[in-house]
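K.L.:
Attaching a predicted model along with its sequence, questions to come.
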2 protein chains.
Amino acid sequence: MTAETVDAFHFGGFHVVQPATGGHRSGVDAMLLAAMVPDRGAQKVADLGAGAGAAGLAVASRLAEVDVALIERAPEMAQFARKSIALPQNAHLAARVSVVEADVTLKGRARLAAGLDDEVFDHVIMNPPFNAAADRRAPDALRADAHAMTEGLFESWIRTAGAILKPGGELSLIARPESVAEIIAACGRRFGGLEITLVHPRAGEPAIRMLVSAVKGSRARLVFRAPFVIHLGEAHKFAPDIDDLNNGRAGYRRLISKGFKK
Amino acid sequence: MTAETVDAFHFGGFHVVQPATGGHRSGVDAMLLAAMVPDRGAQKVADLGAGAGAAGLAVASRLAEVDVALIERAPEMAQFARKSIALPQNAHLAARVSVVEADVTLKGRARLAAGLDDEVFDHVIMNPPFNAAADRRAPDALRADAHAMTEGLFESWIRTAGAILKPGGELSLIARPESVAEIIAACGRRFGGLEITLVHPRAGEPAIRMLVSAVKGSRARLVFRAPFVIHLGEAHKFAPDIDDLNNGRAGYRRLISKGFKK
């Protein structure tokens, strides 16, 4: 049996059960991703490759009218997501969060048969596995699965996002900056109005992450927004704006609403 | 006859003759681009699409051992470049700067016949025409030529840069941020070690320009460096680091020298 931990997020607003050492343990990446879903009342949100559910649960925690589907291929991680939902500390949001055990790279009928229907979601979030195969050898199989970057990954994940989103629906993702060209190519004609926010650990240092927002069917041009800087000076704690996003006290809105110029 | 102006750059370190109203008048974009050439003693630098020569002259002004070829297709702009070199104020660098009237999009024998030989330059700089065709109608033909973005522009310009650079040579360019995917695609297997610096007019505002550095033959991965912010607060004057680059008092070095990890 895999050792597990129960971790509090959003100052205890919700908890996540996740493997203690293997797999992809969630943290600030998942919280920044969750902050990208705007408050628009009742909405259906899909978390592709949800893992133990941290990002999707964070959306449900911050936005009280939102229903969230946690979509995860690995049975062991899907089981952690179910355990997370079943925690007594999550009882206030459990009715709005469900698990779909499915491979997000499925196409056509296979995707529909797995429960991923066309044009049902208002917003799709994703934090795809991001370690390039050549980058390092993951120490265990579960971790290897969570971190393995396969050729064409963004193409297949973003294709599914385009299929399951309603017209005008939004895609939000977090990824490594070196994937920028692959992500833009995968958005192709499916998505437009890309707004990219680079995330730098400190002022003066290169970006380590990239937040991307896109709108299905938009033709608006790509924008690089003002970057995020996680830490101010030499401090270990987060900058106030990042801390608010990390703890569910604020969302991060698009510059151009829905990708269409007003 | 086109009305012209003579403009001082680098606190009078050199001057540029350029059309008073039509064409693409040079300013801070050309100076930031010129700052990307490092001080490595004697080098051959090509300025593709040089216009009246501002960026290339700025390189020659800051780096006393560098020879610069100003490569420009439009006869009228090439003539401005020749007038710039012939100014008495530029006598100290005139012997190191030449004009090649040639279309940088030429291929193969046509390119060689136009005087653009294989593998002769250490560094290529370019500030390609950046206005998308749909963006606005340019008010006069010369300006339209300088600003017209044609399909595949980066592919043809970067192909030529790859041909005329020595192995390990560097490409530096300034462009609009929405061209990021087209530029990365054009670099393809010719260039690697891309280092991108976004340029924001003020903190909190989206980027308006993008500086890209790449190394011929490198396999190093893409990096987004800490961004530039032109103005501090509400001030109209430049931030000190930008002012130094704009006035030739400093260069902007790559993070990873020559694109190969040390």
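P.N.:
Done, it's in.
K.L.:
What residues does the stretch 1-150 of chain A have near chain B?
P.N.:
Where proximity means Cβ under 8 Å from any Cβ of the partner chain, the stretch 1-150 of chain A presents no interface facing chain B. No exception for glycine: its C-beta is placed from N, CA and C like everyone else's.
K.L.:
Tell me which stretches of the stretch 1-150 of chain A form helices.
P.N.:
When assigned using DSSP state H, counting those that start in this stretch, the helices of the stretch 1-150 of chain A occupy the ranges A:28-34, A:54-62, A:75-86, A:108-113, A:141-147.
K.L.:
Please identify which of those is closest to A:Asn247.
P.N.:
Taking Cβ to Cβ as the criterion, A:Asn247 comes closest to helix A:28-34 out of those, the separation being 7.5 Å.
K.L.:
And the strands in the stretch 101-250 of chain A, which stretches?
P.N.:
With DSSP state E, counting those that start in this stretch as the criterion, the stretch 101-250 of chain A has strands at A:121-126, A:131-132, A:148-149, A:165-175, A:191-202, A:209-216, A:223-224, A:228-231.
K.L.:
In TSV, list those strands along with mean pLDDT.
P.N.:
Written out in TSV, the entries for these read as follows (pLDDT from 0 to 100):
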stretch	mean pLDDT
strand A:121-126	98
strand A:131-132	52
strand A:148-149	52
strand A:165-175	98
strand A:191-202	97
strand A:209-216	98
strand A:223-224	98
strand A:228-231	96
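K.L.:
So for B:Gly217, which of those strands sits nearest?
P.N.:
When the strands of the stretch 101-250 of chain A are ranked by distance to B:Gly217, counting by Cβ to Cβ, first place goes to strand A:131-132 at 19.9 Å.
K.L.:
about what we covered before: mean neighbour count, the helices of the stretch 1-150 of chain A: which tops it?
P.N.:
helix A:54-62 (a mean of 28; mean count of other Cβ atoms under 10 Å in any protein chain shown).
K.L.:
from the chain's centre, how far out does that helix sit?
P.N.:
Taking the mean of its C-alpha atoms, helix A:54-62 sits 10 Å from the chain's own mean (Cα atoms, centre = their mean, to the nearest Å).
K.L.:
Next up, the contacts around the residue sitting nearest the centre point of chain A.
P.N.:
The residue lying closest to the centre of chain A (Cα atoms, centre = their mean) is A:Met126, at 3.3 Å. For A:Met126, the set of contacting residues under the criterion of Cβ atoms under 8 Å, 6 or more residues apart in numbering or on different chains consists of A:33, A:47-49, A:104, A:157, A:161, A:171-174.
K.L.:
Relative to chain B, which of those is nearest.
P.N.:
Distance to chain B across the contacts of A:Met126 (Cβ to the nearest Cβ) is lowest for A:Ile174, with 14.2 Å.
K.L.:
Show me what that closest one is bridged to.
P.N.:
With DSSP bridges applied, the residues forming beta bridges to A:Ile174 are A:Leu211.
K.L.:
distance of it from A:Arg96?
P.N.:
Between A:Ile174 and A:Arg96 the distance, using Cβ to Cβ, to the nearest Å, works out to 22 Å.
K.L.:
my guess is A:Ala58 meets A:Ala8, correct?
P.N.:
No: contact between A:Ala58 and A:Ala8 fails when scored by Cβ atoms under 8 Å: they sit 11.7 Å apart.
K.L.:
what touches both of these two?
P.N.:
The contact lists of A:Ala58 and A:Ala8 share A:Phe14, where a contact means Cβ under 8 Å, 6+ apart.
K.L.:
neighbours around A:Phe224, how many?
P.N.:
Using other Cβ atoms under 10 Å in any protein chain shown, the number of residues around A:Phe224 comes to 25.
K.L.:
quick one on the thing from earlier: more neighbours, A:Ile174 and A:Arg96?
P.N.:
Neighbours per residue (other Cβ under 10 Å) separate A:Ile174 from A:Arg96, with A:Ile174 holding more: 24 against 18.
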